[in-house]
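Asker: show me the folded form of this:
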Amino acid sequence: MRIPMPAMTDGSTTIRPIAVRDARVLEHELAINRAWLRRWEATNPDGYGPFDTRAGIRALLEQARDGHGAPFALEVDGEFAGQVNVSQIFFGSLSSCAIGYWIAQRFAGRGVTPTAVALATDYCFLRLGLHRVEICIRPENGPSLRVVEKLGFRYEGLRRRYIHIDGGWRDHFAFAMTAEDAPLGLLRRWRAGDVDPSLARVPDADRAAAGVSPAT
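Answerer: Coordinates of the predicted model:
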């Protein structure tokens with residue numbers, strides 16, 4: 001089933017379907033943000049050669065055509081700023097997906113990422129009719145942890161050595177939200193201030209197990 005992917009905008013933030021023509025600007029952003037992103041980038045445990053950006057985009061678009069993904073480019077005032085990728089889409093009795101994202105360093109701290117994630121979540125709930133959205137984050141990734149806290153995602157547990165990132169298998173904290181949590185839309189709920197940030201609190205025992213300091 002081919003999944004329709006509209007462009008969605010809130011203020012200066014837009015997410016739109018990524019295209020092969022984005023390859024050059026994507027390569028540029030990944031290069032200039034290398035130090036900023038390296039700790040959070042997925043890697044291949046088999047150690048295969050250099051990543052082909054165009055081939056990577058085509059693979060994402062193929063997943064979209066097959067109904068398993070929805071890859072978005074993230075823009076700020078029309079400038080390419082990162083990616084939001086909806087993956088692992090399942091319909092039927094599971095009716096769930098996962099969201100991953102990255103943003104260029106110069107746009108960080110401006111509320112762009114939570115806006116983009118809220119737009120993508122609303123797309124999953126209100127347009128695709130999915131029931132559950134999951135986001136998994138490395139315990140050391142403070143900025144991403146603040147995103148799920150701001151949006152009111154619920155902490156669901158520690159996943160040990162879950163994804164191969166920056167050359168090794170890394171622990172992740174899992175967060176999720178269901179459609180009942182934001183029946184009128186997550187962006188609307190967040191803008192209205194109707195979010196309980198304590199839902200995303202990671203228990204100190206899980207933080208200790210993952211090797212990070214207790215929350216302050």
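
Asker: which non-adjacent residue is nearest the residue nearest to the spatial centre of the chain?
Answerer: Nearest residue to the geometric centre of the chain (CA atoms, centre = their mean): Gly100, 2.3 Å. Nearest non-adjacent residue to Gly100, counting by CB to CB, 6 or more residues apart in numbering: Asn85, 4.9 Å away. For glycine as for every other residue, the C-beta is placed from the backbone atoms N, C-alpha and C.

Asker: SS state for that neighbour?
Answerer: Look at Asn85: counting by DSSP: H, G, I helix; E, B strand; the rest coil, its state is strand.

Asker: distance of it relative to Asp66?
Answerer: As defined by CB to CB, to the nearest Å, Asn85 lies at a distance of 15 Å from Asp66.

Asker: next one: the helix or strand harbouring Met177 to chain centre, how far?
Answerer: Under the criterion of DSSP states H and E, Met177 resides in strand 168-178. Distance, stretch centre to chain centre, for strand 168-178: 11 Å (CA atoms, centre = their mean, to the nearest Å).

Asker: which parts of the chain are strands?
Answerer: Using DSSP state E, the strands assigned to the chain run over residues 8-10, 13-17, 70-76, 79-90, 96-103, 132-137, 154-165, 168-178.

Asker: what bridges to the closest residue to Thr178 other than its chain neighbours?
Answerer: Spatial nearest neighbour of Thr178, chain neighbours left out: Arg132 (5.0 Å); criterion: CB to CB, 6+ apart. With DSSP bridges applied, Arg132 shows beta-bridge pairing to Ser96, Thr178.

Asker: residues touching Arg132, list them.
Answerer: Taking CB atoms under 8 Å, 6 or more residues apart in numbering, we find Arg132 in contact with 94-97, 176-179.

Asker: contacting residues for Phe107?
Answerer: Phe107 sits next to 76, 81-82 when contact means CB under 8 Å, 6+ apart.

Asker: at 6 Å what do you get?
Answerer: For Phe107, the contact set (CB atoms under 6 Å, 6 or more residues apart in numbering) comprises 76, 81.

Asker: quick check: it vs Ala179, distance?
Answerer: Counting by CB to CB, the gap from Phe107 to Ala179 is 29 Å.

Asker: what's the answer for Trp169, then?
Answerer: Going from Trp169 to Ala179 by CB to CB gives 32 Å.

Asker: where in the chain is pLDDT low?
Answerer: Applying pLDDT under 70 to the chain picks out residues 1, 47-50, 216.

Asker: now the angle from the biggest helix by length in the chain to strand 70-76?
Answerer: Using DSSP state H, we find that the single longest helix of the chain is helix 53-65. Orientation check (axes from the mean of the first three to the mean of the last three CA atoms, to 10 degrees): helix 53-65 against strand 70-76 gives 120 degrees.

Asker: ok, Leu158 - how many residues close by?
Answerer: Using other CB atoms under 10 Å, Leu158 has 18 neighbouring residues.

Asker: which residues sit in contact with it?
Answerer: With contact set as CB under 6 Å, 6+ apart, Leu158 has these partners: 206, 209-210.

Asker: cool, thanks, signing off.
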